[in-house]
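In: just a sequence and a predicted model for now, questions to come.
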Amino acid sequence: MEKKKELLVLIDGHALAHRGFYAFPRLTSPSGEVVNAVYGFILMLINILENLQPKYLAVAFDPDGPTFRDKEFAHYKGTRINKKKAFDIHAEVAKSKDELHDQIERIKEVLIAFEIPIYVEEGFEADDVLGTIAKNYKDACYIATGDFDIIQLVDDKISVYSPAKGVSEWSLFTPEKAEKKYGLKPKQVIDFKALKGDPSDNIPGVPGVGDKTATRLIQDYGSLAEIYKHLAELPPKLQKTLTENRDQARLSQRLATIRTDVPLDFKPIPLEVDNAQAKKVGEIFGELGFKTLSRKLASSTFLNAKGQFNSLNNIAQGLEKPRDDRPLTVADRLDRALTPILRKMKWSGIKIDLKFLKKLSVKYGRRLDELRTEIHKYADKDFNINSTQQLAEILFEKLELPTEGITKTKSGFSTAASELLKLRGQHPIIERLLEYRLLAKLKSTYIDALPKLADENSRVHTSLEQDTSTGRLSSKNPNLQNIPIRSREGREIRKAFVVDEGNLLIAADYSQIELRIAASLSSDKKMIESFQKGEDIHSRTAAEITGKSIADISEDDRRNAKTVNFGILYGQGPRGLAELTGMSFGEAKDYINRYFELYPEIKRFIEKTKERAHETGYTETIFGRRRYYPNINSHLPFIRAANERMAVNAPIQGSAADLIKAAMVDLSEKLPEGAKMILQVHDELLFEVSEKEAPKVAKLVKETMERVHKLKVPIIADVKIGKNWSEMEKI
């Protein structure tokens, strides 16, 4: 195979994980974790490295949420979910799906250890991400996938590298080889699927048109459009079905077309392996029991040819060095105790008001139509608002909006939300675009998606999954943790979460818990004193920095202080503060300096945490949870800086996660019969209880959450009761 100097290889993460999952029997690690997909994926990764020898490598995965295709066609990929069986843990299909999903997270862990870039773009499938990167890359690009759809991208510089048998035998498809195998030019794959459909993705196609008929039609006429121009030449029966299903064929054509205009910033990073990466990979392989695979990777001819033999030998050596041989920590015991609780919460589910969501969908749909009309009027032209390229042309060429400070990509100036925010006040179209994007996202992600996931009792059953490195829980299928709470629209969606007749919802939310933990961990005297007095920490911070009294603090003053209070914990610098508050760079820098003068122990805590992380490679929470940073001493500055930010935040955010877990474990034993803990969203717990028991349970929840652990400052839980998740009264 010809070696190409600037070769970029893009990997379809889900496609290869799926291939690995079914290529091997149900393999398990020494701890009992199912690992066959991970094993197969890594074998294929080694094949790619040795046979293609790429200079650059990147992997794309599908997002957890819906994509634009789901909005276009409600039943897209609908055959992949059996609604009645979706929550049956005894169903083999559900079991396999969960096992594959869990392994994808492990695969990502391996890729991160290797510092191989991962791309996941909300609203788009991995195919669209791969297509966008490949079409915009200037040199040769190979896409590694087992997905037939990708063939449509093949051209003079893009080839598809596909497993032909198992995970060891592969085929390379150029335009000529693709046409020879399938009898179609690569671009004609789109129209083939428009006619034949695709049962795996639930693309309907034209009824009665199979492989042979679809292929013959396209070979004879060239395209879907030409077929419809020559209907009179076809047999009457075929004419009839094509005529009756014209709209469905065009819909299928749109669904089958891979987008190449996804708004993303791609920068190829040369593939290199250093000792820190190799050590981390070795530790992961040790956990998974991949001794043979580790030795195979360490002896890779491609990697050794790049002078990285010593680094890769560390992978094998890492197998003999357990990452953590400590006895069980409090955090470990919490994770174990929480597992059956989370399973019970999933089975309970939370009820949604289907009629309310239907009305909301109509309301948002009408407003989106209005916004679309207004946007086109301001642009003095109809265009595809969802096309970043067309939108950029309207904003920066036709309307000549300023481009200073706007991020520029290979395809032009970015129109991401963060960039549109910079243009606020420059033209009325900007506010309409921001509202349009917000409503479109909420409608597709929640308003229209939730009813499809509800069971026969109108309840949705999210999976709460534990991340043992951060301690945090994530919500999936559906994700209920990202519903915006501060916007009017987000609060409106929360109204759809209701209870059965005769019940009430109780919501209990830790107040400013991360700042309280930061005060305790840093022992900052002023911050501790403020919390002990019961002051509003943001107003107190604003007063100290501006020199005003608390009574004279404005909303803007408090908002700026709040931004800094939380931003500092996430590694925010003056540039980020300036963008969020409207301050100049100099003002933001001065504000942060005064903040650290006010809270000097916070600054010392941040610096000491970074130093320890560089020395030990990990940080710890209050409950003993360790998070490791194999790349904190990376030679790449942006990777090193990202690891430092994580190291500062992890003890605080991880301790907050452990704290609410401890409360969940305690409450699971104390709740009266009939009271159900049904959801956890970051620092908030949600319960469904009878109206009669609600006051007593609310008091129990508040007391338990506030007394679960002792900090140097009071722990406060705000508790509310109501009929839905939005309209609740504080008690």
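Out: Perfect, thanks for sending it.

In: poorly predicted segments of this protein, please.
Out: 1-4, 78-98, 273-276, 292-326 (pLDDT under 70).

In: so residue 14 sits against residue 62, correct?
Out: Yes - judged on Cβ atoms under 8 Å, residue 14 makes contact with residue 62 at a distance of 5.2 Å. From N, CA and C alone the C-beta is placed, and that goes for glycine too.

In: list residues touching both of the two?
Out: Common contacts of residue 14 and residue 62 (Cβ atoms under 8 Å, 6 or more residues apart in numbering): residue 126.

In: which residue ranges of the stretch 201-350 of the chain form strands?
Out: All strands of the stretch 201-350 of the chain, identified by DSSP state E, counting those that start in this stretch, fall at 350-352.

In: for residue 238, which non-adjacent residue is spatially closest?
Out: Excluding its sequence neighbours, the residue lying closest to residue 238 (Cβ to Cβ, 6 or more residues apart in numbering) is residue 213, at 7.3 Å.

In: show me what contacts that neighbour?
Out: With Cβ under 8 Å, 6+ apart as the criterion, the residues that contact residue 213 are 195-196, 238.

In: likewise for residue 157?
Out: Contacts for residue 157 (Cβ under 8 Å, 6+ apart) come out as 137, 139-141.

In: need those in a markdown table with secondary structure and distance to residue 714, can you?
Out: Converted to a markdown table, the contacts of residue 157 look like this (DSSP: H, G, I helix; E, B strand; the rest coil; distance: Cβ to Cβ, whole Å):
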| residue | secondary structure | distance to residue 714 |
| --- | --- | --- |
| 137 | coil | 55 |
| 139 | coil | 60 |
| 140 | coil | 62 |
| 141 | strand | 57 |
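
In: which one of the residues you listed is nearest to residue 41?
Out: Nearest to residue 41 among these: residue 141, at 20.3 Å, using Cβ to Cβ.

In: look up how far residue 410 lies from the closest one.
Out: When distance is defined by Cβ to Cβ, to the nearest Å, residue 141 is 14 Å away from residue 410.

In: again with residue 363
Out: As for residue 363, its distance to residue 410 is 39 Å (criterion: Cβ to Cβ).

In: quick check: residue 10 is in a helix.
Out: No - the assignment for residue 10 (DSSP: H, G, I helix; E, B strand; the rest coil) gives strand, which keeps it out of a helix.

In: in terms of contact, does it touch residue 58 like I think?
Out: Yes - Residue 10 lies in contact with residue 58 (Cβ under 8 Å); the separation is 5.6 Å.

In: who touches both of these two?
Out: Common neighbours of residue 10 and residue 58 (Cβ under 8 Å, 6+ apart) are residue 133.

In: between these two, point out the one with more neighbours.
Out: Neighbours were counted for residue 10 and for residue 58 using other Cβ atoms under 10 Å; residue 10 has more, 29 against 24.

In: identify the bridge partners of the more buried one.
Out: According to DSSP bridges, the partner residues bridging residue 10 are residue 58, residue 143.

In: OK, contacts around it?
Out: The neighbours of residue 10, taking Cβ under 8 Å, 6+ apart as the test, are 57-60, 130, 133-134, 141-144.

In: which of residue 141 and residue 410 has more residues huddled nearby?
Out: Higher neighbour count among residue 141 and residue 410: residue 141, with 26 against 12, using other Cβ under 10 Å.

In: roughly how far apart are the more buried one and residue 119?
Out: From residue 141 to residue 119 the distance is 14 Å (Cβ to Cβ).

In: can you count the residues close to residue 457?
Out: The tally of other residues near residue 457 (other Cβ under 10 Å) stands at 8.
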